[in-house]
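Undergrad: Provide a 3D model corresponding to the input given below.
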Amino acid sequence: MKTGLEKLREERFSFRQSERKAAEYILAHTTEVINLPITQLAEQIGVSEATIVRMCKKVGFRGFQELKIALAMETVPPLKTVHEAIQEDDDTASVLQKVFFANISAMESTLNVLSIGELDRAVEAIAAAERIYLFGVGGSAPIAIDAAHKLMKTGKAVIAYTDTHMQAMAASLMQAGDVVIGISHSGSSRDIIESLELARKNGAVTIGLTNHARAPMDRVLDIKLSTCSNETFYRTESTSSRIAQLSIIDTLFIVLSLRQLEQALDNLQRTREAIVPKRY
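TA: All right, here's what the predicted structure looks like:
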């Protein structure tokens with residue numbers, strides 16, 4: 001069975017000029033390409049995202065993400081898909097140290113790329129919102145739920161949807177005065193992007209919690225809250241980026257609370273009293 005690289009090498013001569021240009025760039029920069037979202041790659045090559053998708057389909061892949069995974073399997077040691085820094089002979093102490101170091105690095109990198117201006121705009125939008133929606137799927141779903149748990153204590157109407165059908169239906173009913181926060185480490189989750197686009201068309205403010213690199217999600221965002229980690233974009237599970245995302249959510253909650261401190265303290269007290277009977 002032919003590999004992804006073999007398919008590109010053999011079939012590129014039958015492509016359109018722009019598709020061949022994309023294929024040849026990928027062949028020459030494979031290691032770099034597997035770490036890029038499609039939007040950034042398209043900009044670097046000088047072609048459209050649609051061109052890259054067509055090229056991927058012509059060699060038997062459903063899209064760019066599937067091609068990246070295939071290329072990674074050919075060029076990257078399998079263990080790197082679990083964690084970039086881990087070695088097969090690492091003991092527990094070494095794994096612990098490397099995981100913590102990666103998380104610390106992601107936090108520091110995120111501090112460097114996160115725009116305070118965008119953070120302030122997100123706070124303003126959430127503070128003025130009638131309703132707040134959180135969208136996340138897969139590994140981003142728990143982040144969306146955590147955000148809803150925090151933001152609920154501001155006294156706002158908040159709900160998290162982790163089912164893609166529910167996200168689409170909710171987006172179809174949104175209107176001016178609503179805010180929706182889409183969470184996606186890669187910024188390439190088709191379902192999240194489509195729901196954000198629909199919400200935006202209906203007048204909702206769209207906020208993205210995603211990687212700093214240019215990605216398809218950027219096109220449907222009013223506000224972008226960027227994270228930065230060394231995780232690769234072909235991986236199906238993000239790890240250290242989650243810590244940075246959770247920290248941004250905590251920051252949003254605290255800044256919002258400071259704006260209405262008396263109400264925030266009252267809400268916190270009421271929610272604490274509500275769960276007292278739930279504990280021994």
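
Undergrad: Run the chain-centre distance for stretch 208-219.
TA: Computed by CA atoms, centre = their mean, to the nearest Å, the chain-centroid distance of stretch 208-219 equals 7 Å.

Undergrad: contacting residues around whichever strand or helix holds residue 194?
TA: Using DSSP states H and E, residue 194 sits within helix 190-201. Residues outside helix 190-201 that contact it (CB atoms under 8 Å, 6 or more residues apart in numbering): 133, 135-137, 140, 164, 167-168, 170-172, 174, 178, 180, 182-184, 206, 208, 216-217, 219-222. Backbone N, C-alpha and C define where each C-beta goes, glycine included.

Undergrad: Please pick the buried ones from those.
TA: Buried members of these, scored by 16 or more other CB atoms under 10 Å, are 133, 135-137, 140, 164, 167-168, 170-171, 174, 178, 180, 182-184, 206, 208, 216-217, 220-222.

Undergrad: Just the ones of the contacts of helix 190-201 in helices?
TA: Among the contacts of helix 190-201, the members falling in helices (DSSP state H) are 164, 167-168, 170-172.

Undergrad: So which of these is the closest to residue 122?
TA: Taking CB to CB as the measure, residue 122 lies nearest residue 171 of those, at 18.5 Å.

Undergrad: wait, isn't that closest one in contact with residue 202?
TA: Yes: under the criterion of CB atoms under 8 Å, residue 171 makes contact with residue 202 at 7.1 Å.

Undergrad: Longest helix of this structure, counting residues only.
TA: Assignment by DSSP H gives helix 92-113 as the longest helix of the chain.

Undergrad: How is the chain partitioned into domains?
TA: Per automatic domain parsing, the structural domains of the chain span 4-76, 100-278.

Undergrad: Quick check: which of those is nearest to residue 92?
TA: With distances scored as CB to CB, the stretch of the domains of the chain nearest to residue 92 is domain 100-278 (12.5 Å).

Undergrad: mean confidence score for that closest one?
TA: Averaging pLDDT along domain 100-278 yields 91.

Undergrad: from the chain's centre, how far out does it sit?
TA: Mean C-alpha position of domain 100-278 versus that of the full chain (CA atoms, centre = their mean) differs by 10 Å.

Undergrad: Need the distance between the two termini of it.
TA: Using CA to CA, to the nearest Å, the end-to-end distance of domain 100-278 comes to 33 Å.

Undergrad: same question, stretch 251-271
TA: 20 Å.

Undergrad: Find the nearest non-adjacent residue to residue 55, please.
TA: residue 19 (4.2 Å; CB to CB, 6 or more residues apart in numbering).

Undergrad: Tell me which helix or strand the one you found sits in.
TA: Per DSSP H and E: residue 19 is located in helix 17-28.

Undergrad: Check which residues of that helix are buried.
TA: Buried residues in helix 17-28, counted by 16+ other CB under 10 Å: 18-23, 25-26.

Undergrad: With stretch 144-161 instead?
TA: By 16+ other CB under 10 Å, the buried positions in stretch 144-161 come out as 144, 146-148, 150-154, 156, 158, 160-161.

Undergrad: want to try TSV for those residues, with distance to residue 103 and secondary structure as columns?
TA: Compiled in TSV, the buried residues of stretch 144-161 are given as follows (distance: CB to CB, whole Å; DSSP: H, G, I helix; E, B strand; the rest coil):
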residue	distance to residue 103	secondary structure
144	20	helix
146	16	helix
147	19	helix
148	23	helix
150	20	helix
151	23	helix
152	26	helix
153	25	helix
154	27	helix
156	29	coil
158	27	strand
160	23	strand
161	27	strand
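
Undergrad: Can I get these in CSV including distance to residue 128?
TA: Shown next, in CSV, are the buried residues of stretch 144-161 (distance: CB to CB, whole Å):
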residue, distance to residue 128
144, 21
146, 23
147, 18
148, 18
150, 18
151, 14
152, 17
153, 18
154, 12
156, 10
158, 14
160, 20
161, 21
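
Undergrad: and which of those residues is nearest residue 253?
TA: Taking CB to CB as the measure, residue 253 lies nearest residue 150 of these, at 4.2 Å.

Undergrad: For burial, what's the neighbour tally of the closest residue to residue 107 other than its chain neighbours?
TA: Sequence neighbours aside, residue 244 is the residue nearest to residue 107 in space, at 5.7 Å (criterion: CB to CB, 6+ apart). When neighbours are counted by other CB atoms under 10 Å, residue 244 registers 28.

Undergrad: Residue 244 and residue 185: what is the separation?
TA: The spacing between residue 244 and residue 185, counted by CB to CB, to the nearest Å, is 9 Å.
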